[in-house]
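**Student:** only geometry, no sequence info:
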């Protein structure tokens with residue numbers, strides 16, 4: 001659309017299409033595309049959109065054996081508005097709800113993982129998953145975004161449960177993000193990653209804070225860029241890349257992902273990220 005609508009305003013838009021998405025699914029697809037073996041634990045409705053979601057996860061090689069299909073249920077969806085700069089505004093419409101039951105099959109499934117990525121919208125569920133995952137040595141990771149609406153006490157609780165925390169800078173307000181990142185890491189995570197969109201990102205571990213600027217590329221659609229960033233960072237981290245290299249790898253993957261429509265329309269392969277980095281050596285971390 002030519003611009004995002006303001007209050008009491010109508011804007012003519014053009015339909016791009018209906019595409020699969022969802023934070024956890026995007027991360028799973030992105031990591032699979034980069035060479036990891038991934039699976040999804042979630043639920044969808046028994047409608048056409050639920051089948052669309054399942055088909056796309058399988059297309060990217062994501063295991064869907066732990067995705068439940070809820071009868072007589074509309075699959076969760078979002079409406080994404082994209083302006084000429086490629087920036088998006090998203091309306092989340094939750095329609096399918098379920099309670100995660102850590103039965104023996106799911107517990108065994110989680111025990112076979114190296115890392116569990118979980119949304120922060122339900123801290124109680126995250127606590128259950130963290131207990132099971134950590135019992136088998138899995139890393140626990142979450143992405144804290146403004147829409148989660150976490151208050152200070154809950155925010156601290158979530159940080160105490162995870163090993164890796166991605167935090168949208170819009171979630172917090174400070175004059176010193178480096179200091180804040182170190183304070184947040186002291187609350188529990190091994191690594192805290194803060195993203196600033198087009199302004200780049202920082203990561204903090206026990207050795208300190210490292211920064212990485214965003215790459216300048218043609219922008220088509222920023223939808224899912226943060227999820228691709230997370231998938232790429234986790235992929236590099238699991239491959240034991242140094243923190244600065246993992247951050248740069250993630251930034252490169254995100255830069256490639258925003259050059260196509262949809263959260264998964266331009267997810268890069270490992271080879272594509274490596275080629276992009278090789279051709280952009282002039283960027284200084």
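**Tutor:** Yep, that arrived. Quick caveat, the model's predicted, so the values are computed rather than measured. Numbers count the residues shown, from 1 in each chain.
**Student:** List the buried residues of stretch 175-190.
**Tutor:** Neighbour counts using 16 or more other CB atoms under 10 Å place 177, 180, 181, 182, 184, 185, 188, 189 of stretch 175-190 among the buried residues. Bear in mind the C-beta positions are built from the backbone N, C-alpha and C, glycine included.
**Student:** what residues are up against the nearest residue to residue 113 once chain neighbours are set aside?
**Tutor:** Nearest residue to residue 113 in three dimensions, chain neighbours excluded: residue 138, at 4.8 Å (CB to CB, 6 or more residues apart in numbering). Neighbouring residues of residue 138 by CB atoms under 8 Å, 6 or more residues apart in numbering: 110, 111, 113, 114, 115, 116.
**Student:** Need the max-distance pair from these.
**Tutor:** Farthest pair in the contacts of residue 138 (CB to CB) is 111 and 115. Separation: 12.7 Å.
**Student:** What distance do you get for the residue nearest to residue 113 to residue 130?
**Tutor:** Separation of residue 138 from residue 130 (CB to CB, to the nearest Å) stands at 9 Å.
**Student:** list the buried ones in stretch 12-29?
**Tutor:** 19, 20, 21, 22, 23, 24, 25, 26, 27, 28, 29.
**Student:** tell me the average confidence for it?
**Tutor:** On average, the pLDDT along stretch 12-29 is 92.
**Student:** try stretch 230-243
**Tutor:** Per-residue pLDDT over stretch 230-243 has a mean of 97.
**Student:** residues making contact with it?
**Tutor:** Stretch 230-243 is contacted from outside by 26-31, 33-36, 114-115, 117, 141, 143, 164, 166, 191, 193, 203, 205, 207, 210, 245-247, 249-250, 252-254, 270, 273, using CB under 8 Å, 6+ apart.
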